[in-house]
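Peer 1: Sequence first, predicted model second:
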Amino acid sequence: MPRLITGSAMKIPTAASFMLALCLAQATGGNRTTGRLENVLRSSAPGERIAVWVFFTDKGETGRAVPPDIVSPRALERRARVLPADRLVDETDLPVSGEYIARVTPLVTRIRQTSRWLNGVSAEATPAQVSRLDVLPFVREIEVLQRYRRVRETAADTPAAPPRTVSKPGSTGAALDYGSSLAQVSLENIPAVHATGNAAQGIIIGVFDNGFRLLNHEAFDLLRPKIIAQHDFVDHKVSVIPNNPGISFGGHGVNTLSTLAGYKPGRIIGPAYGASFILARTENDSSETPIEEDNWAAAIEWAESLGVQITSTSLDYFDFDPGYTSLTWQDMNGKTAVITRAAVMAARKGVIVVNSAGNDGQVRSGMPNTLTAPGDADSILTAGAVTPLGVRAGFSSYGPTADGRIKPDVMAVGTNIQAADPSDSAGYTYAYGGVQGTSFSGPLTAGVAALVLKAHPEATAMQIIDAIKKTARQGANQAKRPDNFYGWGIIDAEAAINYLGGGPLPSIPQAFELLQNYPNPFNPGTTISFNLPEPAAVKLNVFDILGRHVKTLINGTLPPSGVAPYPAPWDGTDDGGKKVASGVYFCRMEAEGISGKSSVQIRKMMMLR
């Protein structure tokens, strides 16, 4: 049943009552602008556009129902692990009042984003327009929208003396060929989990970055069919490929996504190569336009409503653009930055929020903390960076938060990273020494969280986070745990899985198997599924009743399928994109495993136009 909003929510004013309230507010003067915004207003020219948040007192009319289907069934299922049954949806899920937005719109230059969770809109407004907003009776607060500029990844310091190295636990799991990426996943004990067939199959991960300009990179061949949704919150379009063809636009996203889930045996294998993905572009790389937090807040609300289970964000920002008041180390308290508040809201709804700690360990060395928002948020997993030997990278930001909490939470490898080259669909960064930064320890940490969740789907977000922290291993030169340089230590995927009860890991199928397509008969499309007991070269082709080749569905090397079989959709077209006629068709699978075992199987299908 829908929930009703009751209590202190006010009814939307009628036109007459609104004008009366406006006159009274003008007579007494508004006082809803924050001190940070007041500083910006004092230094702004009369016609200058200022990006602001306008927060409202309520969602509008009392008694508005919250329908259960306002979010997806996947979101409700995830929320049910952490929220009471009668609170799976609440007023934070309701849309912002359309009446309030309509009254604000003519008073500003433009509306940018709308936030259900924060109950407000972001807008561009001149100082005079801000003054008119300040007297509206339904406006609770007006705050400057934080705008950042990225601090690019820097090289790690070479230790002055050989450090105590951290032993890599267990076997490296030789079933898969990690190529140059082996060093970045071994320290976290990821191959040992992969060897069991667990590649985070079916887990939904949201990745927010500056776009993904080269999704046709070979490292994404396995990932592309598993992109559930994508959206560009900068240019307000569906595709996450930036309009600007410049190499920096969307390049960082290619790096981070491939670190998390790339799959090209012999070159790169990320921890969560079996997962499904929601991609969002939240950052604009233009040197004139800074990163703006309302894009990220809109993205996480959207992804949460779609049922995302884990988010990976490599936000790594130091300062605001000139003309904007910077956050200080004192603001890293888990409640000041709007982007931090949005992260906490997602965590309360059961999302495992993973964020890079930041690359300011050297840039702001000597400060009480060098954290960046939203890495200061409570109940999320903030990841710092170590070398493959377990030594903290000098650039990795340190804590504590201003309110005294340990940060970062954990560490993962963040130097000498093998990632997909955003300028070459078959190239990799290791060709020129690799890339580095906490931008990469974050995705590796998110990948480990996905492996743990796959092994223990009944676990809550906080149980997953707790397991990862409590089983982390002591870092090189880490005197005690936890501390504010390494947090609880270096993550260990296998240990975290065992900590949550040592339940059985996903089993690997015992034989090659081509399953019957479903639906069958079909129109217009169907899905052909198959199981692989080991890494194998697979060819999956469709033929007509005369034996003529119709379409190639798969031609490449795949890892073992784990618990869920591989799906191969066929849309009823040939290789040229032309719809095929009604009739009998055959699907043929040829598979040759790394052990030398091979299999050829055929299934009959019926197309009915």
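Peer 2: Happy to help now that I have it.
Peer 1: how is this protein carved up into domains?
Peer 2: Structural domains annotated on the chain: 3-75+90-145, 179-499, 513-607, as defined by automatic domain parsing.
Peer 1: Please identify the most buried of these.
Peer 2: Mean neighbours per residue, mean count of other C-beta atoms under 10 Å, is largest over the domains of the chain for domain 179-499, with a mean of 23. To be clear about C-beta, it is placed using only N, CA and C from the backbone, and glycine gets the same treatment.
Peer 1: can you give me the end-to-end distance of it?
Peer 2: End-to-end span of domain 179-499 (C-alpha to C-alpha, to the nearest Å): 29 Å.
Peer 1: Mean confidence (pLDDT) on that domain, please.
Peer 2: The average pLDDT within domain 179-499 is 90.
Peer 1: and what of stretch 143-157?
Peer 2: Here the average pLDDT along stretch 143-157 is 59.
Peer 1: Equivalent analysis for stretch 31-50, please.
Peer 2: For stretch 31-50, mean pLDDT rounds to 87.
Peer 1: what about that stretch, how long is it end to end?
Peer 2: 18 Å.
Peer 1: Which per-residue confidence value corresponds to A564?
Peer 2: With respect to pLDDT, A564 has a value of 58.
Peer 1: try the one 10 residues further on
Peer 2: Per-residue confidence at D574 stands at 96 (pLDDT).
Peer 1: can I assume it is in contact with T552?
Peer 2: No - assessed by C-beta atoms under 8 Å, D574 is found out of contact with T552, at 9.9 Å.
Peer 1: could you dump the domains of the chain to JSON lines with distance to P84?
Peer 2: Output for the domains of the chain, formatted as JSON lines (distance: least, C-beta to C-beta, whole Å):
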{"stretch": "domain 3-75+90-145", "distance to P84": "10"}
{"stretch": "domain 179-499", "distance to P84": "12"}
{"stretch": "domain 513-607", "distance to P84": "30"}
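Peer 1: can you tell which of those domains is closest to V82?
Peer 2: Of all the domains of the chain, it is domain 179-499 that lies closest to V82, at 4.3 Å by C-beta to C-beta.
Peer 1: quick one: that closest one to chain centroid distance?
Peer 2: For domain 179-499, the separation from the chain centroid amounts to 7 Å (computed by C-alpha atoms, centre = their mean, to the nearest Å).
Peer 1: Which residue ranges of this protein form helices?
Peer 2: 15-28, 35-42, 73-79, 98-104, 127-133, 182-186, 190-194, 251-261, 293-306, 338-348, 438-455, 461-470, 493-499 (DSSP state H).
Peer 1: wait, which of these is closest to H217?
Peer 2: Ranking these by proximity to H217 (C-beta to C-beta) places helix 251-261 first, at 6.5 Å.
Peer 1: about what we covered before: now the helices of the chain in JSON lines, with distance to G583?
Peer 2: Converted to JSON lines, the helices of the chain look like this (distance: least, C-beta to C-beta, whole Å):
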{"stretch": "helix 15-28", "distance to G583": "65"}
{"stretch": "helix 35-42", "distance to G583": "68"}
{"stretch": "helix 73-79", "distance to G583": "36"}
{"stretch": "helix 98-104", "distance to G583": "52"}
{"stretch": "helix 127-133", "distance to G583": "65"}
{"stretch": "helix 182-186", "distance to G583": "47"}
{"stretch": "helix 190-194", "distance to G583": "42"}
{"stretch": "helix 251-261", "distance to G583": "38"}
{"stretch": "helix 293-306", "distance to G583": "38"}
{"stretch": "helix 338-348", "distance to G583": "49"}
{"stretch": "helix 438-455", "distance to G583": "40"}
{"stretch": "helix 461-470", "distance to G583": "49"}
{"stretch": "helix 493-499", "distance to G583": "48"}
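Peer 1: Quick check: which of the ones you listed is nearest to S598?
Peer 2: With respect to S598, and counting by C-beta to C-beta, the nearest of the helices of the chain is helix 190-194 at 22.6 Å.
Peer 1: so what does that closest one touch, helix or strand wise?
Peer 2: Packing partners of helix 190-194 (3 or more C-beta pairs under 8 Å, 6 or more residues apart in numbering; DSSP states H and E): helix 438-455, helix 493-499.
Peer 1: again, 10 Å this time
Peer 2: helix 182-186, strand 268-269, helix 438-455, helix 493-499 (3 or more C-beta pairs under 10 Å, 6 or more residues apart in numbering; DSSP states H and E).
Peer 1: tell me the angle the third one makes with helix 461-470.
Peer 2: Just to be clear, that refers to helix 438-455. Relative orientation of helix 438-455 and helix 461-470, computed by axes from the mean of the first three to the mean of the last three C-alpha atoms, to 10 degrees: 120 degrees.
Peer 1: Quick one: end-to-end distance for stretch 385-400.
Peer 2: In stretch 385-400, first residue to last residue: 16 Å (C-alpha to C-alpha).
Peer 1: about what we covered before: find residues that contact each of D574 and T552.
Peer 2: Listed as contacting both D574 and T552 by C-beta atoms under 10 Å, 6 or more residues apart in numbering are V542.
Peer 1: that older thread, out of the domains of the chain, which comes closest to L83?
Peer 2: Nearest of the domains of the chain (C-beta to C-beta): domain 179-499, 7.2 Å.
Peer 1: Look at Q510 and say how many residues are nearby.
Peer 2: Per other C-beta atoms under 10 Å, the neighbour tally for Q510 reads 8.
Peer 1: Could you double-check that R481 lies in contact with T471?
Peer 2: No - in this structure, R481 is not within contact of T471 by C-beta atoms under 10 Å, at 11.4 Å.
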